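Novice: what would the 3D arrangement of this be:
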Amino acid sequence: MTGKISTGLTLFLLISLLLFSLQVAAQDGKVTVMGVWGGGELDAFNKMVEPFEAASGIEVQYEGTRDLPTLLTTRLEAGNPPDIVAVSGPGMMKDLAEDGDLVDLKNVFNMNYIKEDFDQKWIDLATYEDGMYAIYIAADAKSLVWYNPKLFEENGYEIPETWDELDKLAKQMQEDGISPWSIGLESGAASGWPGTDWIEDIMLRTASPETYDKWVAHDIPWTDEKIKNAFEIFGKYAKDPDMVWGGPTAVLATNFGDAPNPLFDSPPKAGLHRQASFITSFIQDNNPELEAGEDFNFFPLPLIDEEYGTPALGAADMLSMINDNQEARQFIKYLATPGAQSIWLSELGKLGTHNRINPNVYPNDITKQMAEFLNNAETFRFDASDSMPAAVGSGSFWQGILDYVSGQDLDSVLEQIEKTADDSYSTGEATN
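Specialist: Numbering: from 1, shown residues only. You can find the predicted model right below:
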């Protein structure tokens, strides 16, 4: 989703870039970057790169891949890794740092600047032992429920603030002939991941943040009652033909980007869709006539246990440095500026992590509201599957979601994930 930057923000960017250009000497050189970005994300990355190249004289060479762990491992073993890599999450970052493959950014940045301009949670997520091994250039909030405001107004539905109220709303939608939920788990080779977000969100609402952390670290088994309970709560929606549009068959077959569409049919076939902030681009690509805030909006996924409140689950775009050279240092410093990040945000509708991001960079009010929700949440946790070993997080966990919705016995599903986890954590396998 592309937003228009205001005149004031344009001036801010120009000033930021001018100041940046005065700090670097024009030179001939290059910096290599590896990531998974393609399509609109790659277009946004290239737009973010253009001012840097113009100011510094350094060429940024990007290499994209859908199998980042494998390609990066191959390149590291061959002795020709990229200068900078867009790691998939804290787990991958920590494994690379533990292996000595990453540069400690505390030796690159002025940490007084970092502490002033980034919330402590982003610094903590970038820290391994005593070093800082990543910067965050944008984030996505995942604990969001999308709805059709006109449907709510026509039927007198109210925004639920608790899970009990959410269940009552779902039953009312059923009585009105509307499927309460629309869910899509299909995503090619990554099918299943949208369901892992459900489990993670429910875990944060039914167990302590410390329990969530133990789960990510495999300090509690997958067969633990807390994890089983989270699956069962998800299953009450995803496995019930009366609760989800098209029943489990449609849940398994529907691409995640198309899953919101039934909310905007005429008349609407479904009332609710749980998905991250980035789904707005899919909603508008599939329904270009819809206006954010007027035709589609969100509310935070409600609390389940009052003790744990309404936490925020999220993910973020992380960059780490592998080769310590002048070009890489200049580029990663540029990426940490509000000017660079504002370009990325305005092109993609993502949420800012830098404290000096001008709110005018956001394309609409609901994006501003999502950023406020993410940054103001008392409890924030990074996507668990992105923090686990690849064989678990993007392997047996993803597959386990599909197996469970397909009708396999939950105990068997969890036992299989536990077996993979035992093998992966004991061997220290790299994360995804």
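Novice: then residue 30 would be within a strand, right?
Specialist: Yes. According to DSSP: H, G, I helix; E, B strand; the rest coil, residue 30 belongs to a strand.
Novice: what's the nearest residue to it if we skip its chain neighbours?
Specialist: The shortest distance from residue 30 to any residue other than its chain neighbours is 4.4 Å, reached at residue 59 (Cβ to Cβ, 6 or more residues apart in numbering). Backbone N, C-alpha and C define where each C-beta goes, glycine included.
Novice: hang on, that neighbour packs against residue 53?
Specialist: Yes. Residue 59 lies in contact with residue 53 (Cβ atoms under 8 Å); the separation is 6.2 Å.
Novice: hang on, the earlier thing: for the residue nearest to residue 30, what is the enclosing helix or strand?
Specialist: strand 58-64 (DSSP states H and E).
Novice: likewise residue 201?
Specialist: Using DSSP H and E, residue 201 falls in helix 193-206.
Novice: after that helix, next one along is what?
Specialist: Using DSSP H and E, the helix or strand that follows helix 193-206 in sequence is helix 209-217.
Novice: tell me the buried residues in that following helix?
Specialist: Across helix 209-217, burial judged by 16 or more other Cβ atoms under 10 Å covers 211, 212, 215, 216.
Novice: so can I have TSV of those residues showing distance to residue 245?
Specialist: Output for the buried residues of helix 209-217, formatted as TSV (distance: Cβ to Cβ, whole Å):
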residue	distance to residue 245
211	32
212	29
215	30
216	31
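Novice: now do the contacts for the residue nearest the centre of the chain.
Specialist: For the chain, the residue nearest the mean C-alpha position is residue 315 (2.9 Å; Cα atoms, centre = their mean). When contacts are counted by Cβ atoms under 8 Å, 6 or more residues apart in numbering, residue 315 touches 89, 139, 140, 142, 276, 382, 383, 386.
Novice: what subset of those is buried?
Specialist: With neighbours counted by 16+ other Cβ under 10 Å, the contacts of residue 315 contain buried members at 89, 139, 140, 142, 276, 382, 383, 386.
Novice: now the residues you listed as TSV including pLDDT?
Specialist: As requested, these are arranged in TSV below (pLDDT from 0 to 100):
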residue	pLDDT
89	87
139	94
140	93
142	96
276	95
382	93
383	95
386	88
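Novice: which two of those residues have the greatest separation?
Specialist: With Cβ to Cβ as the measure, no two of those lie farther apart than 89 and 276, at 14.0 Å.
Novice: state the distance from the residue lying closest to residue 83 once chain neighbours are set aside to residue 127.
Specialist: Nearest non-adjacent residue to residue 83, counting by Cβ to Cβ, 6+ apart: residue 328, 4.0 Å away. Computed as Cβ to Cβ, to the nearest Å, the residue 328 to residue 127 distance reads 20 Å.
Novice: counting residues, which strand of the protein comes out longest?
Specialist: strand 312-321 (DSSP state E).
Novice: which one is residue 323 nearest to, not counting chain neighbours?
Specialist: residue 83 (4.4 Å).
Novice: so how far is residue 136 from that neighbour?
Specialist: From residue 83 to residue 136 the distance is 18 Å (Cβ to Cβ).
Novice: then residue 52?
Specialist: Using Cβ to Cβ, residue 52 is found at 18 Å from residue 136.
Novice: so for these two, which sits in the more crowded spot?
Specialist: Neighbour count, other Cβ atoms under 10 Å: between residue 52 and residue 136, residue 52 has more, with 25 against 22.
Novice: buried residues in the helix or strand containing residue 150?
Specialist: Using DSSP H and E, residue 150 falls within helix 149-155. Buried residues in helix 149-155, defined by neighbour count with 16+ other Cβ under 10 Å: 151, 152.
Novice: next secondary structure after it?
Specialist: Under the assignment DSSP H and E, the closest C-terminal helix or strand after helix 149-155 is helix 163-175.
Novice: where does the prediction get shaky in the stretch 201-350 of the chain?
Specialist: Along the stretch 201-350 of the chain, no part satisfies pLDDT under 70.
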